[in-house]
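> Provided below for reference: sequence and predicted model.
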Amino acid sequence: MTLKHFIAGAAIFCFAAESQAAFTGLSSEIYAVGAIPGTITHRIYANFDDPNDQLVAVYGLNTAPLNFSTTGSFYQNGNGGPLSTNINPLFYGFDPALEYDSWFTIGYDDQIANQLLSIGINWAAFNAGGNLVINDPIGGSWFITPGFSPQAFPVGGRVLIAQLTTDGDIDVNINIQWRDPGQNTFQPEGLTLNIPFVIAGCTDPLALNFDPLATVDDGSCQYLAPSFANLTYELVGNNTIPGYDTYRVYANFTNPLDQLVAVFGQDITPIVVTNTGDFYQDAIGGALSSDNPGLYGLFPSLEFDSWFTIGTESAPNQLQTLGLDYSSFEAGGDFIVNDPIGGAWFVLPGTEPSAFPDGLGRVLIAQLTTNGTVDMMVNLQYRAQDGSNPQEIGLYLSFPPLLPGCTYANASNYDPLANSDDGSCIFLGCTDPAAINYDANANSDDGSCEAVVDGCTDCNAINYNPAANTDDGSCIATVFGCTDPAAINYNAGANSDNGSCIAEVLGCTDPTAINFDAAANTDDGSCIATVFGCTDPAAINYNAGANSDNGSCIAEVLGCTDPTAINFNAAANTDDGSCIATVFGCTDSNAFNYDPSANVDNGTCEGIVNGCTDPFANNYNCCANTDDGSCSYNTCLGDLNFDGFVNTGDLLQLLAVFGTVCP
């Protein structure tokens, strides 16, 4: 007699065709996680919809096998056993792990008042931590005699059938007998249940509540709150470029796992970087750190170029931009972004390691080399460790700090550290307006004033007074020269003859004239000029005014002298009106751009390409040159926030969800 027949006979079961009660399937719940390190303790139930139903038996045999298997192993306590009747709860005090032993049952979880029986089951493999399989012709079962024990009835709609502690997945394939309130017996077979080894919890090691036992993240991870602190600046060096100091600007965070992703500006939230002087811009560099090749050994001044960035100092990096005009900044002027479209420099989240704070909690956003005072207002967006995307608006910074004092180097109290003159400068000198050495710029008399002594101060004058310090206009100058009115070099202003007089000799004094007289020193207007040139009337360069042929005559050659004409004659020097204009263009009558007026093909012929030629159309074909009427149109693509513009706001919405996993 098989076990199946034994169960049916012993319980006097009656199988019914219909019933109002129902078995609703198998279920499981987690009883404990990590009570035995690295394991999960599961409890498995048979579910019913009537509290008067009763589970009678769990069984297996060759035609309906039973299988409880795991991809790991089942925990087996030395003080326990394969059935709940082996579990003595009084032992929990000195052997707490006994509570998490693996066993099978109907209803009860320990031996107290437990009426569970079993037959025909080989527990050896299971007791060694392996699977329980019943698939032989005899079979086996654990069971309750119907009607004799309350443990067979559902509690909360379910009856406990097993507790299994394992470090792997569980697969269940079983068969049961159960009885409804009308004493009808049912025998569903091939009931299955899969329980994956899942420990829900926070699996991110960087989270505050990281659970090292969790195998599946349940979204419970907690992180430090978004941690932006402020903007700060750092003086890199004084006089790095003569007259200029170099500063670096940082965004500061307290959480090293927050990352800066964008610096942005628009009309209502502008970027403003102004300067009372100007910004040093190196010819080798550019407006961004991605433009900086870092070749400081070859170009030392490049190290102090002015630029913007997110974290990095030079290329290569992941820095990108949108909608920015650097022309004024690159010319040494201000950098402002305040239009409706706006602009930003940014990195995609997770792509640039330098977007995370350094060991001091800083992310570099600019290097500025200036000879003035900088006022800076920017807006930031960052990806916080908790996945949010905070924006920091209207962040203001001014540097260097205002240091009042005397800024004039020639003042006696000049302060080399001052960068704002406070009117305190002291200029030493003579403050007496009547003194000869009066200094209008002096504001503190140094006792150096000298009295005025009038007289002739010209040492070359006849009446020079060496004691005078103020010339009174009385000087009489000594003028040497020729005082003979008949001499050629007579000097009417001379009052002292110096023997330089030269007698007058009339004649032609022009050495280029035909009648040049080398002995003459006074021109008498008799010179006849020599005019060189071509004296041949038949030559194209005949010079009617020439009186001396210089061999330059050029014979006339007729032809087309226009070098742009198709029949240009390089040898011709006289145009005869025969020129034919050259017209370049496409001379292929089958080409898209055929030019019937062209007489010289310039290789520009293009084939006809049909398609949509409207760049605002949805299917615009940039290669098409002939519209075929196929254009179609769509709404404003890329307007993610529906404000009518494709602008920085859309970029920032994109930067806020970039890298997340869609559900």
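Right, received. Where do you want to start? Everything quoted here is computed from the prediction, not taken from an experiment.
> with only the CA atoms kept, save stretch 40-59 in CSV.
Only the C-alpha atoms of stretch 40-59 are listed here, as CSV (Å, rounded to 0.1, in the frame of the first residue of the first chain):
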residue,chain,number,x,y,z
ILE,A,40,17.8,34.8,5.5
THR,A,41,15.2,32.8,7.5
HIS,A,42,12.0,32.3,5.6
ARG,A,43,8.6,30.9,6.7
ILE,A,44,6.4,29.2,4.1
TYR,A,45,2.6,29.0,4.3
ALA,A,46,-0.4,27.4,2.7
ASN,A,47,-3.2,29.9,2.3
PHE,A,48,-6.9,29.4,2.7
ASP,A,49,-10.0,31.7,2.5
ASP,A,50,-12.0,30.0,5.3
PRO,A,51,-10.8,29.7,9.0
ASN,A,52,-12.5,26.3,9.2
ASP,A,53,-10.5,24.8,6.4
GLN,A,54,-7.7,22.6,7.7
LEU,A,55,-4.4,21.5,6.2
VAL,A,56,-4.0,17.7,6.6
ALA,A,57,-0.8,16.7,4.9
VAL,A,58,2.3,17.7,2.8
TYR,A,59,3.6,14.8,0.7
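> list the buried residues for that stretch?
Buried residues in stretch 40-59, counted by 16 or more other CB atoms under 10 Å: 40-48, 50, 53-59. All C-beta atoms are positioned from the backbone trio N, CA, C, and that covers glycine.
> before we move on, what about stretch 432-440?
Those would be 435, 439, for stretch 432-440 by 16+ other CB under 10 Å.
> which other residues reach that stretch?
With contact meaning CB atoms under 8 Å, 6 or more residues apart in numbering, stretch 432-440 is reached by 427, 429-431, 445, 448-453, 469-470.
> any idea how far apart the tips of it sit?
Using CA to CA, to the nearest Å, one end of stretch 432-440 lies 9 Å from the other.
> cool, stretch 221-231 as well?
29 Å.
> average pLDDT for that stretch?
Stretch 221-231 shows a mean pLDDT of 96.
> now find how far off-centre it is within its chain.
Relative to its chain's centre, stretch 221-231 lies at 20 Å (CA atoms, centre = their mean, to the nearest Å).
> also stretch 416-427?
That offset, for stretch 416-427, works out to 42 Å (CA atoms, centre = their mean).
> which residues touch that stretch?
By CB under 8 Å, 6+ apart, stretch 416-427 touches 373, 400, 402-408, 410-414, 439, 441-444.
> tell me which residues touch residue 274, please.
334, 336, 374-376.
> picking that back up, any of the contacts of stretch 416-427 buried? List them.
373, 400, 405-407, 411, 439, 442.
> residue 489: which of those is nearest?
Closest to residue 489 out of the buried ones among the contacts of stretch 416-427 is residue 439 (47.1 Å), distances taken as CB to CB.
> show me how this protein divides into domains.
Annotated domains of the chain cover 3-201, 228-400 [automatic domain parsing].
> a markdown table for the ones you listed, including distance to residue 579?
Shown next, in a markdown table, are these (distance: least, CB to CB, whole Å):
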| stretch | distance to residue 579 |
| --- | --- |
| domain 3-201 | 92 |
| domain 228-400 | 46 |
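> tell me which of the ones you listed sits nearest to residue 570.
Closest approach to residue 570 among the domains of the chain is made by domain 228-400 (44.1 Å; CB to CB).
> ends of that closest one, how far apart?
One end of domain 228-400 sits 23 Å from the other (CA to CA).
> try stretch 303-321
Its first and final residues considered, stretch 303-321 spans 22 Å by CA to CA.
> quick one on the thing from earlier: the domains of the chain: lowest mean pLDDT?
Per-stretch mean pLDDT for the domains of the chain is lowest at domain 3-201 (a mean of 89).
> and that one, how far out from the chain middle?
The chain centroid and the centroid of domain 3-201 are separated by 59 Å, computed with CA atoms, centre = their mean.
> tell me the contacts of residue 245?
By CB under 8 Å, 6+ apart, residue 245 lies in contact with 235-239, 369-371, 400.
> kindly report the same for residue 81.
Contacts of residue 81 by CB under 8 Å, 6+ apart are 87, 101, 103, 127.
> these into TSV, with extra columns for neighbour count?
Formatted as TSV, the contacts of residue 81 follow (neighbours: other CB atoms under 10 Å):
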residue	neighbour count
87	24
101	24
103	24
127	15
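> now do the same for the closest residue to residue 586 other than its chain neighbours: its pLDDT.
Spatial nearest neighbour of residue 586, excluding adjacent residues (CB to CB, 6 or more residues apart in numbering): residue 605 at 4.1 Å. Residue 605 is assigned a predicted lDDT (pLDDT) of 91.
> what does residue 637 give?
67.
> re earlier: which ones among the contacts of stretch 416-427 lie within strands?
Among the contacts of stretch 416-427, the ones falling in strands (DSSP state E) are 404-405, 444.
> out of those residues, the closest to residue 164 would be?
Nearest to residue 164 among those, with distances taken as CB to CB, is residue 404, at 80.7 Å.
> with adjacent residues omitted, what lies nearest to the closest one?
residue 422 (3.9 Å).
> same question, residue 610
Counting by CB to CB, 6+ apart, the residue nearest residue 610 is residue 628, at 4.2 Å.
> quick one: that neighbour from residue 608, how far?
10 Å (CB to CB, to the nearest Å).
> got it, and residue 348?
Distance of residue 348 to residue 608, computed by CB to CB: 42 Å.
> neighbour count winner among these two?
Taking neighbours as other CB atoms under 10 Å, residue 348 and residue 608 compare with residue 348 leading, 16 against 11.
> need the contact list for residue 338.
With CB under 8 Å, 6+ apart, residue 338 has these contacts: 265-267, 270-272.
> 6 Å - rerun?
Residue 338 is in contact with 267, 270, counting by CB atoms under 6 Å, 6 or more residues apart in numbering.
> what of residue 489?
Going by CB under 6 Å, 6+ apart, residue 489 touches 482, 502.
> what residues of the biggest strand by length in the chain count as buried?
Assignment by DSSP E gives strand 228-241 as the longest strand of the chain. Neighbour counts over strand 228-241 (16+ other CB under 10 Å) mark 228, 231, 233, 240-241 as buried.
> just put these in TSV and tack on distance to residue 312.
Formatted as TSV, the buried residues of strand 228-241 follow (distance: CB to CB, whole Å):
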residue	distance to residue 312
228	19
231	18
233	18
240	20
241	22
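> among those, which one sits closest to residue 121?
When the buried residues of strand 228-241 are compared for distance to residue 121 (CB to CB), residue 228 wins out at 64.9 Å.
> so the closest one sits against residue 391, correct?
No - between residue 228 and residue 391 there is no contact under CB atoms under 6 Å: 9.6 Å.
> just checking, residue 82 touches residue 124?
No - counting by CB under 6 Å, residue 82 does not reach residue 124; the two are 9.7 Å apart.
> look at the two and report which has more neighbours.
Neighbours around residue 82 and residue 124, counted as other CB under 10 Å, are more numerous at residue 82. The numbers are 20 against 9.
> contact partners of the longest strand of the chain?
If you take CB under 6 Å, 6+ apart as the criterion, strand 228-241 is touched by 245-250, 252-254, 280, 304, 369, 392, 395, 397, 399.
> and the residues you listed, which are buried?
Buried subset of the contacts of strand 228-241 (neighbour count, 16+ other CB under 10 Å): 245-250, 253, 280, 304, 369, 392, 395, 397, 399.
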